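A.B. asks: Okay, here's the prediction I keep looking at, along with the sequence it came from:
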Amino acid sequence: MLTLLLSAGNFAIGMGAFVVIGLLNPMGEAFTLTTSEAGWILTVYAIAYALGSPVAVALTGRWARRTVLLFGLMLFAVGAVATALAPSVELLFAARIVVAVGAGLFTPVAAGVAIATAAPEVQGKALANVFFGLTLAQVLGVPTGAWIGYTLGWEVAFYLTAILSLACWVGLWRGVPRDLPNQVTGLGDLAGVMGRGRSLLTILFTASFLGATYVVYTYMAPLLSARMGYDRDGITLVLALFGLGAVVGNLLGGMLADRIGPFRTLLGLCVAQAALMPAFSALPMPPVLLLALTLLWSISGWSFMAAQQIRVVQAEPERRSVALALNAASIYVGASVGAALGGWVLDRFGLDAIGIAGGLFAVAALAHLVMSTPKVRETA
């Protein structure tokens, strides 16, 4: 029951965070932004999450885990409403910052609870279950929000996010135990993790891996529109398939991490990403081939989550709450860097270079993985 509630909260957060991907065009038009400028709607969220999540988790380290979860989700809901009501770009960005801080409290704390309440041999499965909601949002939340945004207005998608968040808040308030395990942390623990070079290098692999993905993913809607001629329905279909791959990848990654170990899992995923993403520079292509490519790319991309979090906990077992918060922050460091790099590539080389740039970034992520892993690696 606890896993289900945490997963539901992550579903609402995943929708509110990433529905922007499918709404770049209408939101850009509403605020008179170019495509690359509209990418900053996601980038601002990512930067705020990256900077705010570790600090917020450290400052609330003495709070009951239930209280942190409820506070974070409520803050997220308030930010979603403020996003829909924003009358200017400046206030839109401010609202996205509020959303990011709320998400930055909820998601890493939920991961910490999963680790604390699971046996060591099934931690990968436990993390996969909690993050199932985040990946399910890619299947249902993001494409549904995009469809609603194109049909009823982009603001409605964020109102829907707020409603879902409040519904999850009620479920958590009623169903989450008050005595969840809590590893008390503070700002000193945050400084301690950041001061250990090996731990920080391990955590920042998340940014490298996801940065490669977001070079392409951030600009999927404009790419599909320009090269495949897709409009609302076509873009929604591709995003839904990407989300399906995210769900499959999340579950597959948890099983692989438990069976072959996190390093081997991540090594294979880096190679797959480097091989698949350059194909998006070959658009247009037959629709069936595009859908197959999108599915494989998504599966390989989203299989990394459980394996990487296990690496992070292994690096900092005594300060896992803060380490997981830094890891969650790295997700958005990667998203912001990837989105920014994708925008730079788009402005200078055009949409056709996006896939190649993502593939090169994935090669850099592979090098980072090897550098951040001790020479004596796990054998199981």
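C.D. replies: Great, that's in hand.

A.B. asks: for the chain, what are the low-confidence residue spans?
C.D. replies: 123, 138-139, 181-186, 375-380 (pLDDT under 70).

A.B. asks: Which residue lies nearest the spatial centre of it?
C.D. replies: Taking CA atoms, centre = their mean, the centroid of the chain lies closest to I331, which sits 5.7 Å from it.

A.B. asks: list the buried ones in the helix or strand harbouring it?
C.D. replies: Assigning secondary structure by DSSP states H and E places I331 in helix 320-349. Residues of helix 320-349 classed as buried: 320-343, 345-346 (neighbour count, 16 or more other CB atoms under 10 Å). The way it works is simple: take the backbone N, C-alpha and C, and place the C-beta from them, glycine included.

A.B. asks: Give me the packing partners of that helix, helices and strands only.
C.D. replies: Judged by 3 or more CB pairs under 8 Å, 6 or more residues apart in numbering; DSSP states H and E, the packing partners of helix 320-349 are helix 35-38, helix 40-59, helix 89-116, helix 187-195, helix 197-217, helix 304-315, helix 354-371.

A.B. asks: Return the most buried member of the ones you listed.
C.D. replies: Counting by mean count of other CB atoms under 10 Å, helix 304-315 has the highest mean neighbour count of those, with a mean of 25.

A.B. asks: Residues contacting it, please?
C.D. replies: For helix 304-315, contacts defined as CB atoms under 8 Å, 6 or more residues apart in numbering pick out 111, 115, 123-125, 127-128, 131, 135, 198-199, 202-203, 205-206, 209-210, 249-250, 253-254, 256-257, 261-263, 265-266, 269, 320, 323-324, 326-327, 373.

A.B. asks: Against A84, how distant is I21?
C.D. replies: I21 sits 17 Å away from A84, taking CB to CB, to the nearest Å as the criterion.

A.B. asks: Those two: who's more crowded?
C.D. replies: Each of I21 and A84 has its neighbours counted (other CB atoms under 10 Å); I21 has more, 25 against 18.

A.B. asks: now stretch 341-353, how far from the centre of its chain.
C.D. replies: Chain-centre distance of stretch 341-353: 22 Å, with CA atoms, centre = their mean, to the nearest Å.

A.B. asks: can you list contacts of it?
C.D. replies: The set of residues external to stretch 341-353 that reach it, using CB under 8 Å, 6+ apart, is 35-36, 39, 211, 214-216, 218-219, 222-223, 226-227, 281, 283, 354, 357-358, 361.

A.B. asks: Also stretch 5-13?
C.D. replies: For stretch 5-13, contacts defined as CB under 8 Å, 6+ apart pick out 69, 73, 76, 102-103, 106-107, 110, 113-114, 129-134, 136-137, 140-141, 161, 164-165, 167-169, 171-172, 175-176.

A.B. asks: Which ones among the residues you listed lie within helices?
C.D. replies: Assigned to helices by DSSP state H, the following of the contacts of stretch 5-13 qualify: 69, 73, 76, 102-103, 106-107, 110, 113-114, 129-130, 132-134, 136, 161, 164-165, 167-169, 171-172, 175.

A.B. asks: of those residues, buried ones?
C.D. replies: Buried members of those, scored by 16+ other CB under 10 Å, are 69, 73, 76, 102-103, 106-107, 110, 113-114, 129-130, 132-134, 136, 161, 164-165, 168-169, 171-172.

A.B. asks: residues in contact with G338?
C.D. replies: 210-215, 217-218, 358, 361.

A.B. asks: Over to R320?
C.D. replies: For R320, the residues meeting the contact criterion (CB under 8 Å, 6+ apart) are 112, 115, 183, 312-313.

A.B. asks: Please report how far it lies from V193.
C.D. replies: Note on R320: its distance to V193, by CB to CB, is 10 Å.

A.B. asks: cool, and L105?
C.D. replies: Using CB to CB, L105 is found at 17 Å from V193.

A.B. asks: for Q314, same thing?
C.D. replies: In terms of CB to CB, Q314 sits 13 Å off from V193.

A.B. asks: returning to that earlier point: which of the contacts of R320 sits closest to G153?
C.D. replies: Proximity of those to G153 (CB to CB) peaks at G112, which lies at 37.3 Å.

A.B. asks: Excluding chain neighbours, what is closest to that closest one?
C.D. replies: S321 (4.6 Å; CB to CB, 6 or more residues apart in numbering).
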